[in-house]
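Participant: got a sequence here, can you model it:
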Amino acid sequence: MTKPTELNMAEITRLMRAGQLSEATQMIQTRLGGAPVDLASAAPLRGMSGKGLPSGLGLPLGLGMSRDAGEPAAAALGSWSWREHQAAGQSRQYRLYVPASLVEGETPAGILLLLHGCTQDPDDFARGTRIHDAAERHRMVIIAPAQPAQSNMNRCWNWFEPRHTAAEGGEAAFLTDLTRAIGHEFAVPPDLRFAAGLSAGGAMAVILGAVFPDDFGAVACHSGLPNGAARDMGSAFAAMSGGGSDRGKGAGCRLFVLHGAADRTVSPQNAQAVVAQALRAQPGLTRSAAAARLDDHNVQVARFRDKNEVLRIESWTVEGLGHAWSGGAPQGSHTAAGPSATTAMMRFFLTPARKR
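Facilitator: Predicted coordinates for the structure are as follows:
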């Protein structure tokens, strides 16, 4: 057996910062005598995490090197495990991330139910959103359920089927029960339980905020659709292209919405509909608006506060952004350059009364 040679940490760090993960992987494998190392999914190498290896090297999903805009990276050293949950006539596997920054016996700052988009899975979505870094920074537990192909051939959450948007017996009820179970496990109250998703996942997050508003402190919809926008596959495609109806019940909990103005898959009109139906569910809010230039993108921001100045609804329209997670990592699918949606959502979730 070939004796391993010393790792050239400076060169490995350079390759990773340049996004050349395959080259960095090959170098590590060579130096470790051919031992397999996958930077996209490897667990920390024994005796090297945080010391012998640069931040992010060999960590779950390789997210330790990722950076949300304007924030330092956090080493994703936590546990990223598979589990299974059964409820409401449904059964799904899910990933659970418990951050290393969470001291044993300590209550997390919150729980986030992360809902992937069509054709994605929890690992892919975690890579693209850089959610592990955010979880480490904010001491947030992440629940990432997987939609199997048996339930939808494209692994989409079935936001357009009424039986899956009901209070009992479908996907929305299952996802809420799963969040309750993890909330009880970690002693996190409902107002610190959150849901966020992309596209079909974003549409499902809106449904959770509308049907189960007392179970979530806030929900976030990225490139999604309003509750009740469609009732079958045909009307789903019509809603995606032309904008879905806002006549359904809106989110009753706090709501964050982000949509790309250049989205040709799900019309930006859907973001307006999500906000409109939420305003009916939460009347009496005061609106303010601002324009910003963030990460080389013009962003239109609208905020809605209640009489106590609590930020209830925030909506971002990002110019030039298509149907992709804004500011996501290229290692994940459906990501694009832009202001970090992950950072913006986390800030919204955890600072409801912040004057911004």
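Participant: please make it C-alpha for all contacts and neighbour counts, starting now.
Facilitator: Will do.
Participant: how about the strands in the stretch 251-356 of the chain?
Facilitator: In the stretch 251-356 of the chain, strands defined by DSSP state E, counting those that start in this stretch lie at 254-260, 286-294, 297-305, 311-318, 325-326, 335-336, listed in chain order.
Participant: can you add mean pLDDT and give those strands back as TSV?
Facilitator: Shown next, in TSV, are the strands of the stretch 251-356 of the chain (pLDDT from 0 to 100):
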stretch	mean pLDDT
strand 254-260	98
strand 286-294	96
strand 297-305	97
strand 311-318	98
strand 325-326	98
strand 335-336	97
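Participant: which one of these lies closest to Pro162?
Facilitator: strand 254-260 (21.8 Å; Cα to Cα).
Participant: who does that closest one pair up with?
Facilitator: strand 218-222 (parallel), strand 311-318 (parallel) (DSSP bridges).
Participant: hmm, who's touching that strand?
Facilitator: Residues from elsewhere that reach strand 254-260, judged by Cα atoms under 8 Å, 6 or more residues apart in numbering: 209, 217-224, 268, 271, 274-275, 278, 311-324, 341, 345, 348.
Participant: tilt between it and strand 297-305?
Facilitator: 160 degrees (axes from the mean of the first three to the mean of the last three Cα atoms, to 10 degrees).
Participant: please export the C-alpha coordinates of strand 254-260 as PDB.
Facilitator: Coordinates of each C-alpha in strand 254-260 appear next as PDB, following Å, rounded to 0.1, in the frame of the first residue of the first chain:
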ATOM      1  CA  ARG A 254     -45.600  35.800   8.600                       C
ATOM      2  CA  LEU A 255     -44.600  35.500   4.900                       C
ATOM      3  CA  PHE A 256     -41.500  36.100   2.800                       C
ATOM      4  CA  VAL A 257     -41.800  36.000  -1.000                       C
ATOM      5  CA  LEU A 258     -38.900  36.200  -3.500                       C
ATOM      6  CA  HIS A 259     -39.400  35.900  -7.300                       C
ATOM      7  CA  GLY A 260     -37.200  36.600 -10.300                       C
END
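Participant: what is the distance between that strand and the centre of its chain?
Facilitator: 12 Å (Cα atoms, centre = their mean, to the nearest Å).
Participant: quick revisit: reformat the strands of the stretch 251-356 of the chain as JSON lines; add distance to Arg247 and mean neighbour count.
Facilitator: Formatted as JSON lines, these follow (distance: least, Cα to Cα, whole Å; neighbours: other Cα atoms under 10 Å):
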{"stretch": "strand 254-260", "distance to Arg247": "17", "mean neighbour count": "27"}
{"stretch": "strand 286-294", "distance to Arg247": "21", "mean neighbour count": "12"}
{"stretch": "strand 297-305", "distance to Arg247": "20", "mean neighbour count": "18"}
{"stretch": "strand 311-318", "distance to Arg247": "18", "mean neighbour count": "24"}
{"stretch": "strand 325-326", "distance to Arg247": "27", "mean neighbour count": "28"}
{"stretch": "strand 335-336", "distance to Arg247": "30", "mean neighbour count": "20"}
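Participant: can you lay out these as JSON lines showing distance to His85?
Facilitator: Shown next, in JSON lines, are the strands of the stretch 251-356 of the chain (distance: least, Cα to Cα, whole Å):
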{"stretch": "strand 254-260", "distance to His85": "26"}
{"stretch": "strand 286-294", "distance to His85": "39"}
{"stretch": "strand 297-305", "distance to His85": "36"}
{"stretch": "strand 311-318", "distance to His85": "31"}
{"stretch": "strand 325-326", "distance to His85": "27"}
{"stretch": "strand 335-336", "distance to His85": "29"}
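Participant: can you say which of those strands is nearest to Leu113?
Facilitator: strand 254-260 (14.2 Å).
Participant: for the chain, which segments count as helices?
Facilitator: For the chain, the helices defined by DSSP state H cover 9-17, 21-31, 122-129, 131-138, 171-185, 200-211, 233-242, 269-281, 341-350.
Participant: wait, isn't Ala149 in contact with Asn158?
Facilitator: No. Ala149 is beyond contact range of Asn158, at 11.6 Å (criterion: Cα atoms under 8 Å).
Participant: quick one, which of these two is more surrounded?
Facilitator: Taking other Cα atoms under 10 Å, Ala149 and Asn158 do not tie; Asn158 has more neighbours (25 against 11).
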